[in-house]
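Enquirer: From the sequence below, what's the structure:
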Amino acid sequence: MQLSIIIVNYNVKHFLEQCLCSVQKAITGIQAEIVVIDNNSTDNSLSYLTPRFPAVQFVENKQNLGFAKACNQGLQQATGKYILFLNPDTIVPEDCFSKCIAFFESHTDAGAMGIKMLDGSGRFLKESKRAFPSPMTSLYKLFGLSKLFPHSKIFSRYHLGHLNENKNNEVDVLAGAFMMIRKEVLDKTGSFDETFFMYGEDVDLSYRIQKAGYKNYYFAESSIIHFKGESTRKGSMNYVRMFYNAMSIFVRKHYGGSRAGFFNLLIHLAIWFRAGLTAISSFIRKIGLPLIDAGFILLSFWLIKIVWVSYVRTGTEYENRLLWIAFPAFTLFYLIAAYYAGLYDRWYKRTELIQSTLIATTVLLAAYALLPEQYRFSRGIVLFGALLAFVLISLLRWILIKTNVLNGNNKNEDQETTIIAGTDEEYRKVLQLLNGAGLQQRVLGRVAAEENDSTALGYWTKLQQLSTTVPFREIIFCQGRLTFANIIAAVQTMPKGIMAKIHSTGSSSIVGSNSKDSSGESVSKENGYRLSDPYNRRLKRLIDVSISFLGIITFPIQLFIVKKPFSFLANCFAVLMASKTWIGYTREEKNLPRLYPGVIGCNGVPVSVKQQLPAESLQMMNYWYARDYEPVNDLKLLWRIYRRLGE
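Expert: Residues are numbered from 1 along each chain as shown. As a prediction, the model looks like this:
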């Protein structure tokens, strides 16, 4: 066997699907085997991929063993002369492996090699070539000097910025995303150190390969795309802890004496520094943002109240006790409206802020008219307070987006900005896939895969010229008539700000990513489930909580209405504590959006009652429920079977 390719998967089945499509093309004419180690994925990766790739050896782990241990597990099965450790979120060109093997054959001193890696927008990934960590290189990186002087041999040593990215070079560290090694070298040095759970294991192995007398090479004669589909959230506390702890393990293992002590001190300073920044960003995103918004809303009402009584209605006095009740109540109402409008979702959209502000203000002004006279104060305070809060919150969001604390480029806001590169048949297949995901309205048209095709918007090699006349923000490349090598070449010439996605012939997904620091995105029919929409999931949870709360406070009445009232009360508490949902699937479903166990099946039959319909019919009911979910249908079903909610 000439080549063994080992891929570790964890919850990225669609990225792995595209990766395997490209790998199978690249091993044509090579004696090769593909081993996939699944680290206990919860996205049904194996059931999805196994029938699609019968030639691939899939190994299922019952727990997440970490990257290093899973790679070693795959190595035990490998029989190739060369071993390639490959990430599942990569796309390789057809001639990649043959070129790499030819390089090994012509460089007998090469123990291992990495490759030129690009992100989803075609930008070079600096981690393709690195130096070993040292106190000074870490210090330069920590304080941003490597960014200020990206090509300096001193300040940018960590990423070897002085080396030409388009030329082969001897380097220190190879990236674990693509690491091809001679099997005989691994027999001498050993494989990955399993002390490293994630991050650092590639640095350690690269170090041991050099210590054994071999050279590590950066190979620039071929390029791959690395989407970062493995949810590499570089801003997360977990990433900071795991990355710097891995560096600490490496230092303790390979550096001795005072050097190790000084380096470890720097590492721990880096951990605290980065952890502090990460904690602030994480707090703002997850908890602090609603609190800051609440502060802005309260401040806005108080400022407008002061201005109002000082310059508009001079001499008017409002009872402080009334204001201390009203303003917090208004604030809470605005926050609830903002939450259900989606303002605190992953992506910020100004339309959600406008929508929530208008709804909350309109409802408050309408409710104001119903209040007794003694509880009223000027409508102007409500109206202008809401306007000032909108301005302040908009300004805050702009600052947070500029500082990369929030994401502000939600693709769902960009309607009709996608073009598809491929043949007419490939175009129709992608449209069908997008239609299943509810995204078909975003497509502008087709880019030809053949130069003499006059029915398309343009030709795939002329994207720069096309961008001046067609306002596209995203391009989906269809692999088929276009090769993976064509696509990787095209990605490198795309206009700035354009996002690329890839769809392979015969696959059921589209994948892409426009950032080296954020996780990639995939499109499949799973995106077409209305039950997956965060807005619908929030409403479903609101229905669950409301019904449960009403059931508990009116329980004495329910004793005479509901069958098995005490079981009903137990169900109320279970739903309230999010261990159940009132309306769920008729049976357990692994391939549909996740739901808590239901009290009532979506067919109106209590889950505890044996279903009379065949399994295929129940499965279709669950599929329709997830695909076509409407919150109002839950309410109708609950009203119809209300008396049976205790069963």
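Enquirer: Please make it C-alpha for all contacts and neighbour counts, starting now.
Expert: OK.
Enquirer: for the protein, what helix or strand is lowest in average pLDDT?
Expert: When the helices and strands of the chain are scored by mean pLDDT, DSSP states H and E, helix 237-254 comes last with a mean of 60.
Enquirer: wait, residue 482 sits on residue 448?
Expert: No - between residue 482 and residue 448 there is no contact under CA atoms under 8 Å: 9.8 Å.
Enquirer: what do the two both touch?
Expert: Common neighbours of residue 482 and residue 448 (criterion: CA atoms under 8 Å, 6 or more residues apart in numbering): residue 422.
Enquirer: Looking at these two, which has the bigger crowd around it?
Expert: Neighbour count, other CA atoms under 10 Å: between residue 482 and residue 448, residue 448 has more, with 24 against 18.
Enquirer: Can you give me the distance of the more buried one to residue 480?
Expert: According to CA to CA, to the nearest Å, residue 448 and residue 480 sit 12 Å apart.
Enquirer: Residue 633 too?
Expert: To residue 480, residue 633 is 42 Å away according to CA to CA.
Enquirer: Now do the one helix or strand residue 75 maps to, average pLDDT.
Expert: Here residue 75, judged by DSSP states H and E, is contained in helix 67-77. Average pLDDT, helix 67-77: 92.
Enquirer: What is that helix packed up against?
Expert: strand 3-9, strand 32-38 (3 or more CA pairs under 8 Å, 6 or more residues apart in numbering; DSSP states H and E).
Enquirer: of all these, which lies closest to residue 185?
Expert: strand 3-9 (14.2 Å; CA to CA).
Enquirer: So which of the helices and strands packed on helix 67-77 is nearest residue 603?
Expert: strand 32-38 (34.8 Å).
Enquirer: residues of the helix holding residue 75 that come out buried?
Expert: Of all the residues in helix 67-77, those buried under the rule 16 or more other CA atoms under 10 Å are 67, 68, 69, 70, 71, 72, 73, 74, 75.
Enquirer: and if you look at stretch 159-169?
Expert: Here stretch 159-169 shows 159, 160, 161, 163, 165, 169 as buried, counting by 16+ other CA under 10 Å.
Enquirer: So for it, mean pLDDT?
Expert: 87.
Enquirer: Start and end of that stretch, how far apart?
Expert: End to end - CA to CA - stretch 159-169 spans 13 Å.
Enquirer: Give me the pLDDT value at residue 374.
Expert: Residue 374 is given a pLDDT of 62.
Enquirer: Same check on residue 128?
Expert: At residue 128, pLDDT is 92.
Enquirer: Next: the one 3 residues further on.
Expert: The confidence metric pLDDT takes the value 83 at residue 131.
Enquirer: List the contacts of residue 43.
Expert: By CA under 8 Å, 6+ apart, the neighbours of residue 43 are 11, 12, 13, 590, 591.
Enquirer: one more time with 7 Å, if that's ok
Expert: Residue 43 sits next to residue 11 when contact means CA atoms under 7 Å, 6 or more residues apart in numbering.
Enquirer: mind checking how far it is from residue 180?
Expert: Residue 43 is 28 Å from residue 180, by CA to CA.
Enquirer: and what of residue 156?
Expert: For residue 156 relative to residue 180 (CA to CA), the value is 25 Å.
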